[in-house]
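J.: 3D model of this:
(one chain, ligands or ions: 2)
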Amino acid sequence: MIIKSANLETVCGVTSTLPENDCPEIAFAGKSNVGKSSLINTLLDRKKLARTSSSPGKTQTINFYKINRSFYLVDLPGYGYAKASAQAKEAWGKMIENYLRHSRALRAVFLLIDIRHDPGENDIQMYNWILETGFVPVIIATKADKLSRTQIERQTDRIRRVLQTDEDICVIPFSSVSGQGKEEVRRKMVELTGISEPDIPDPAAESLTAADPEKASGRKARWPKEERHKAARKKRKGRNGI
Ligand SMILES: Nc1nc2c(ncn2[C@@H]2O[C@H](COP(=O)(O)OP(=O)(O)O)[C@@H](O)[C@H]2O)c(=O)[nH]1
Ligand SMILES: [Mg+2]
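T.: Ligands and ions are numbered 1, 2, ... in the order given. Take a look at the predicted model:
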């Protein structure tokens with residue numbers, strides 16, 4: 001999969017109205033600190049589009065990243081942050097449940113679980129919510145670089161057992177450090193949503209920091225060859241300058 005553009009387009013807080021997107025959405029859920037932002041960056045070949053943090057419990061928003069002008073990756077707020085107030089936990093639950101139930105563009109839900117630990121109460125609840133809202137969750141077992149190959153197999157089995165997964169549920173060991181599982185997750189994204197590769201470069205759309213809905217609004221993506229080369233050169237130059 002070639003990522004031509006990736007922009008943080010919409011950030012929703014507890015009181016925000018969810019966007020009504022036309023392009024398919026792919027959501028990522030998981031406990032705070034499980035490696036969600038790192039996964040998104042790895043999938044998009046970006047270093048810091050999604051902000052990673054070693055202090056859990058920071059992101060309490062739903063972030064919509066528009067990719068290749070054709071689909072969205074949706075970063076759901078992390079749960080299970082012990083220090084959060086009961087009120088914050090409730091708000092979190094409502095926000096996620098509301099999104100899962102009401103987004104019309106949502107096509108696939110990935111659930112991240114730290115491969116080193118058995119799924120907890122919150123993970124089980126999340127897993128069941130996903131099933132109840134009619135999706136077949138794909139489990140991503142994160143931080144696989146921390147375990148040996150044998151341990152990975154053992155933990156993958158444990159995750160399956162604790163969640164009581166049916167046979168058709170995929171568990172993909174993943175590491176944003178080694179890149180293990182990246183292509184498999186991308187393949188799943190394509191399989192579940194029917195998104196396709198962009199066929200030409202999209203020089204205007206890359207923004208590593210700001211939301212910019214205008215850039216992503218349906219500009220015709222057909223360029224003469226020379227322009228394409230020029231744009232690609234400019235983009236390379238821009239990247240090196242970062
Ligand atoms: N070893 C290892 N550490 C990871 C991996 N993914 C994330 N981390 C680390 O785990 C912490 C939380 O990651 P982050 O992506 O911010 O988690 P999020 O809260 O789920 O978005 C950070 O310190 C990351 O560097 C991974 O695949 N392997
Ligand atoms: Mg995060």
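
J.: in this structure, which ranges drop under the pLDDT threshold?
T.: Residues of the chain that meet the criterion pLDDT under 70 lie in 52-59, 82, 197-242.

J.: Parallel or antiparallel, which strands does the longest strand seen in the chain pair with?
T.: Secondary structure of the chain per DSSP state E: the longest strand is strand 106-114. Paired with strand 106-114 in the same sheet, following DSSP bridges, are strand 25-30 (parallel), strand 138-142 (parallel).

J.: Format those strands as a markdown table; extra columns: distance to ligand 1 and mean neighbour count.
T.: Where you see a C-beta, it was placed from the backbone N, CA and C, and this is true even at glycine. Shown next, in a markdown table, are these (distance: least, CB to the nearest ligand atom, whole Å; neighbours: other CB atoms under 10 Å):
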| stretch | distance to ligand 1 | mean neighbour count |
| --- | --- | --- |
| strand 25-30 | 6 | 25 |
| strand 138-142 | 5 | 25 |
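
J.: residues from this structure in reach of ligand 1?
T.: Within the chain, the positions near ligand 1 by CB under 6 Å from any ligand atom are 30, 32-38, 52-54, 56, 78, 142-143, 145-146, 175-177.

J.: Narrow these to just the buried residues.
T.: Buried positions within the residues of the chain next to ligand 1, assessed by neighbour count (16 or more other CB atoms under 10 Å), are 30, 32-38, 52, 56, 78, 142-143, 175-176.

J.: Quick check, residue 79 in contact with residue 90.
T.: No: counting by CB atoms under 8 Å, residue 79 stays clear of residue 90, with 11.4 Å between them.

J.: Of the two, which one has the most company?
T.: Between residue 79 and residue 90, counted using other CB atoms under 10 Å, residue 79 has the larger neighbour count: 21 against 12.

J.: Strands along the chain, start to end?
T.: 6-12, 25-30, 62-67, 71-75, 106-114, 138-142, 171-173.

J.: What strands flank the fourth one, and is each parallel or antiparallel?
T.: Spelled out, that is strand 71-75. Sheet pairing of strand 71-75 (DSSP bridges) gives strand 25-30 (parallel), strand 62-67 (antiparallel).

J.: which parts of it are buried?
T.: For strand 71-75, by 16+ other CB under 10 Å, it's 71, 72, 73, 74, 75.

J.: Dump those into TSV; add distance to ligand 2 as well.
T.: Converted to TSV, these look like this (distance: CB to the ion, whole Å):
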residue	distance to ligand 2
71	20
72	16
73	12
74	12
75	6
